[in-house]
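K.L.:
Prediction below, plus the sequence it came from.
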Amino acid sequence: MLFLSKNALFDNKKGIRGGIPIVFPHFGPWPIGPQHGFARIQMWEVEQLPSVDVSGNVVAIIALVDNAETRKIWDFKFKLRMTLTLLKCCFSMDLHVTNTGDAEFNFTTLIHTYFRLPDVTKSRVLGLTGCKYFDKTTGQDIQSETREQLSVDRNIDNIYANVPDELTLTGGPAGRTIKITKKGFPDTVVWNPWVDGAQKMADFGDDEYPLMLCVEVGHVVKKVSLAPAQEFHASQTLQIQCPE
Ligand SMILES: O=P(O)(O)OC[C@H]1O[C@H](O)[C@H](O)[C@@H](O)[C@@H]1O
């Protein structure tokens, strides 16, 4: 169900062009560090290998703790813990961010999901109606989404604020509909680079833009402030209707 570019690079220098990169502690261009922060190019530790819990779910836990490299860019102590839960037709990601130092810090974070689609022009995103958004492609001021069903036929890079916790993406692989449920992530970014954007990215095939759409849930419009010992928790669940 997820898109991975045929040109994706696994060099720890940039985020992987596909799958679900984790944006932390900064969404977007970052004057003091790499775009979208360092979490997506750091090596996470496996805290729990995939194992079956009492309900029959497969659960794995990965973690990232501050280290010399992260502190050189952003001098704070933190722990990120991501619990990944896989059921037959459902995949959840639970993110915990803990401030393990003695100074308060601010951050933005986002789950940058690349959905694989047979034809993006035939897909629709439902649930954004009435939400205020900023269009990064035009730099246009905050607007209100009037469309009941968002369709994509050009470069799109919209940051929606205060989005309802249930979104729907239609037209997935084999015609499937994907339900996206989020908690603790108020915002959602919808991105497709289209023809020109695809050509500018070395790690993305020129002909791949019709085959994906990023619907990214996050906390990006306003920063999260975390005092020492405090914890932030947010999650995303992706659900498809199982074939009979
Ligand atoms: O190329 P990347 O650093 O992975 O960023 C890919 C995209 O991520 C988000 O969707 C942003 O809103 C876009 O502006 C950006 O182009």
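P.N.:
Here it is on my side, so go on. Bear in mind the structure is a predicted one, so any value in this text is a computation, not a measurement. Numbers count the residues shown, from 1 in each chain.
K.L.:
C-alpha from now on. contacts and neighbour counts both.
P.N.:
Will do.
K.L.:
Now name the helix or strand holding L238.
P.N.:
strand 231-240 (DSSP states H and E).
K.L.:
Can you give me the buried ones in that strand?
P.N.:
The neighbour-count check on strand 231-240 (16 or more other C-alpha atoms under 10 Å) flags A234, S235, Q236, T237, L238, Q239, I240 as buried.
K.L.:
The worst-scoring helix or strand of the chain on mean pLDDT packs against which elements?
P.N.:
In the chain, the helix or strand scored least confidently by mean pLDDT, DSSP states H and E is strand 140-144, which has a mean of 91. With contacts defined as 3 or more C-alpha pairs under 8 Å, 6 or more residues apart in numbering; DSSP states H and E, the packing partners of strand 140-144 are strand 132-135.
K.L.:
Sheet partners, orientation included, of the strand it packs on?
P.N.:
strand 140-144 (antiparallel), strand 156-160 (antiparallel) (DSSP bridges).
K.L.:
contacts for the first one?
P.N.:
Yep, that's strand 140-144 we're talking about. Outside of strand 140-144, the residues within contact range by C-alpha atoms under 8 Å, 6 or more residues apart in numbering are T129, G130, C131, K132, Y133, F134, D135.
K.L.:
If we ignore the residues flanking it in sequence, what's nearest the last one?
P.N.:
What it means is D135. Spatial nearest neighbour of D135, chain neighbours left out: N158 (4.6 Å); criterion: C-alpha to C-alpha, 6 or more residues apart in numbering.
K.L.:
repeat for the fourth one
P.N.:
Computed as C-alpha to C-alpha, 6+ apart, the closest residue to K132 that is not its neighbour in sequence is S144, at 4.4 Å.
K.L.:
can you tell me how far the one you found sits from L2?
P.N.:
With distances taken as C-alpha to C-alpha, to the nearest Å, S144 is found 29 Å from L2.
K.L.:
same question, R116
P.N.:
As judged by C-alpha to C-alpha, R116 and L2 stand 5 Å apart.
K.L.:
Please compute how far stretch 4-23 lies from its chain's middle.
P.N.:
Chain-centre distance of stretch 4-23: 12 Å, with C-alpha atoms, centre = their mean, to the nearest Å.
K.L.:
So which bits of that stretch are buried?
P.N.:
For stretch 4-23, burial by neighbour count (16+ other C-alpha under 10 Å) applies to 4-5, 7-9, 14-23.
K.L.:
now swap in stretch 186-204 and tell me
P.N.:
The neighbour-count check on stretch 186-204 (16+ other C-alpha under 10 Å) flags 186-195, 198-199, 203-204 as buried.
K.L.:
Also near the ligand: which of the buried residues of stretch 4-23, exactly?
P.N.:
G15 (C-alpha under 6 Å from any ligand atom).
K.L.:
Sitting in strands, which of the buried residues of stretch 4-23 do you find?
P.N.:
By the criterion of DSSP state E, membership of the buried residues of stretch 4-23 in strands covers I22, V23.
K.L.:
Where does I61 sit: helix, strand or coil?
P.N.:
Using DSSP: H, G, I helix; E, B strand; the rest coil, the structure places I61 in strand.
K.L.:
Any figure for the gap between it and the ligand?
P.N.:
I61 sits 23 Å away from the ligand, going by C-alpha to the nearest ligand atom, to the nearest Å.
K.L.:
do the same with V217
P.N.:
Counting by C-alpha to the nearest ligand atom - V217 and the ligand are separated by 10 Å.
K.L.:
Contact residues of this structure facing the ligand?
P.N.:
Counting by C-alpha under 6 Å from any ligand atom, the residues of the chain close to the ligand are G15, Q35, D157, W191.
K.L.:
Tell me which residues touch the spatially closest residue to the third one that is not a sequence neighbour, please.
P.N.:
The reference is to D157. Nearest in space to D157, with sequence neighbours left out and distances taken as C-alpha to C-alpha, 6+ apart, is W191 at 4.5 Å. Contact analysis of W191 by C-alpha under 8 Å, 6+ apart lists N155, I156, D157, N158, L213, C214, V215.
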